[in-house]
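**Q** Structural data only, the sequence is not supplied:
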C-alpha cells in the first residue's frame, strides 16, 4: 500500500509540473491523455460531429500522438482555441501540442516559444465571394470590403498582395473565426479571405446554398500548415514529428488500418522497422516498439486520414493536389525510419 501511495504521489506531482519542470512525455503519461489545441470548429480539420466527437485532419494528428505515446488514439482531449489564444496556451503548458491549421513561418519558429513539428497540409490564402458579386478574379475586387480574422497571417498577406496589385479594399476584422463567417454570410462584407481549405469548408458547411458562392482562382500565399510544440523539449518534438511521418511512410509502403496486421510478417526491412518487428525506432523515441503500428491500426495512413476528413470521402471534396505523395506529383514525403 505504501508503494502505491508513493507512485500516486509522484504521478500527481508530475501532472502538476510545468513543461519546463518535466518532459512533456512524462506529463502526458502521468495525466493519461494528450492535451491538443484545436480550432473552435473548422469542418474537415477539427470540429465535433453530431455525436460531439471531435474529428478532422488535425484531430488525426492528435489521435496519432495519443496512439504513439499511450497506445490508444482516443486518449486525447481537444482544447478549442482561437487564433489569439493558441500560442499562449502552448507556451503555458495548457496544451501539449497545437494542431490548429497553423502556418509554419520563420517568426513562429523563432519568437513565440514554439517550433513546427511538420506539415500535414499544404495550402494557400484565397478569396470566397458571392456569385452575385460578378467578379472572376481577385484583381477585380477594387473597393471591396474584405472579412478576415485578426491574429492570423491573413491580414499581412492581404495587405501585401493588395499593395502589389494596386487594389484598394476595406478590411472588416473580427477576433473570432465564427464572427468572421457570420459577418460574411450575412452580407456585411463582399469577400472572405483565409486559407483556401478554410474557404472550401465554409462554403460547404456554413452557407445555406454553396452554389451561390465561388472561390476565386488566385492563391496569394504559401500556407504550409502543421502541428507545433514548445521549444526546448526535443524528445516531445521528435514524437509529434515522427507520428506524422509514420502516417506518411505507411501510405508510401501501402500499409492501411485494414491490412497492417497482415504486414507484420513482411520481409520488407522498411516495413519491419516501421512496425517495430525490427526493434529500434521505438527505443529512439522513448516509446513502445509498437508506436507506429498503433498509429496505423487505430488512425490509418495519411491518405486514409485525408480522404475521410477533407478529401473525396468527405463533404469538402478537396483534391489531393500538393498534398499527394511525392510519387504522385505532390509534396508529401515520408522521412526514412532507420
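**A** Structure received. This structure is a prediction, so every number in the text was calculated from the model and none was measured.

**Q** What residues does residue 34 make contact with?
**A** Residues in contact with residue 34 (CB atoms under 8 Å, 6 or more residues apart in numbering) are 28, 62, 65-66, 69-70, 75-77, 96-97. Where you see a C-beta, it was placed from the backbone N, CA and C, and this is true even at glycine.

**Q** Could you give the bridge partners of it?
**A** Residues in a beta bridge with residue 34, per DSSP bridges, are residue 76.

**Q** now do residue 145
**A** On the basis of DSSP bridges, residue 145 is bridged to residue 170.

**Q** I'd like the numbering to begin with 138 instead of 1 from here.
**A** With 138 as the first residue, the last one maps to residue 282.

**Q** Counting neighbours, what do you get for it?
**A** Using other CB atoms under 10 Å, the number of residues around residue 282 comes to 16.

**Q** Could you double-check that it sits in contact with residue 328?
**A** Yes: Residue 282 is within contact range of residue 328, at 7.1 Å (criterion: CB atoms under 8 Å).

**Q** For those two, list the residues in contact with both.
**A** With CB under 8 Å, 6+ apart, residue 282 and residue 328 have common neighbours residue 306.

**Q** Among the contacts of residue 171, which one has the most neighbours?
**A** Counting by other CB under 10 Å, top hit in the contacts of residue 171: residue 199 with 33 neighbours.

**Q** Quick check: closest non-adjacent residue to that one.
**A** residue 173 (3.6 Å; CB to CB, 6 or more residues apart in numbering).

**Q** hang on, the earlier thing: mark which of the contacts of residue 171 are part of strands, please.
**A** Of the positions in those, 213-214, 234 sit in strands, assigned by DSSP state E.

**Q** Output those residues in a markdown table, with pLDDT and distance to residue 313 appended to each entry.
**A** Formatted as a markdown table, the ones in strands among the contacts of residue 171 follow (pLDDT from 0 to 100; distance: CB to CB, whole Å):
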| residue | pLDDT | distance to residue 313 |
| --- | --- | --- |
| 213 | 98 | 24 |
| 214 | 98 | 21 |
| 234 | 98 | 22 |
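
**Q** Quick check: residue 222 vs residue 392, distance?
**A** According to CB to CB, to the nearest Å, residue 222 and residue 392 sit 36 Å apart.

**Q** out of those two, which sits in the more crowded spot?
**A** residue 392 (27 against 17).

**Q** right, and the more buried one touches residue 409 too?
**A** No: assessed by CB under 8 Å, residue 392 is found out of contact with residue 409, at 11.7 Å.

**Q** Now residue 331: phi and psi?
**A** For residue 331, the backbone dihedrals (degrees, to the nearest 10) come out as phi -170, psi -170.

**Q** Report the contact partners of it.
**A** Here residue 331 is in contact with 262-263, 285-286, 289, 291, 317 (criterion: CB under 8 Å, 6+ apart).

**Q** Just give me the least confident of these.
**A** Minimum pLDDT for those is recorded at residue 289 (83).

**Q** just checking, that residue touches residue 221?
**A** No: if you go by CB under 8 Å, residue 289 and residue 221 don't touch, sitting 9.3 Å apart.

**Q** More neighbours: those two, which one.
**A** Set residue 289 next to residue 221 and count neighbours by other CB under 10 Å: residue 289 wins out with 23 against 13.

**Q** List the contacts of stretch 465-475.
**A** Under the contact criterion CB under 8 Å, 6+ apart, stretch 465-475 has outside partners 256, 259, 379, 382-383, 385-389, 407, 410-411, 418, 429, 439, 457-463.

**Q** make that stretch 216-226, sorry
**A** With contact meaning CB under 8 Å, 6+ apart, stretch 216-226 is reached by 172-178, 231-232, 235, 237, 239, 245, 249-251, 286-289, 312-314, 365.

**Q** Please flag which of those residues sit within strands.
**A** Judged by DSSP E, the subset of the contacts of stretch 216-226 located in strands is 172-175, 235, 251, 286, 365.

**Q** Show me the strands in this protein, by range?
**A** Under DSSP E, the chain gives strands at 171-175, 184-185, 191-192, 213-217, 234-235, 251-253, 258-260, 262-267, 281-286, 306-311, 328-332, 350-352, 360-362, 365-367.

**Q** Export those strands as TSV, with columns for distance to residue 298.
**A** Output for the strands of the chain, formatted as TSV (distance: least, CB to CB, whole Å):
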stretch	distance to residue 298
strand 171-175	28
strand 184-185	28
strand 191-192	33
strand 213-217	30
strand 234-235	26
strand 251-253	24
strand 258-260	16
strand 262-267	8
strand 281-286	11
strand 306-311	10
strand 328-332	9
strand 350-352	16
strand 360-362	13
strand 365-367	25
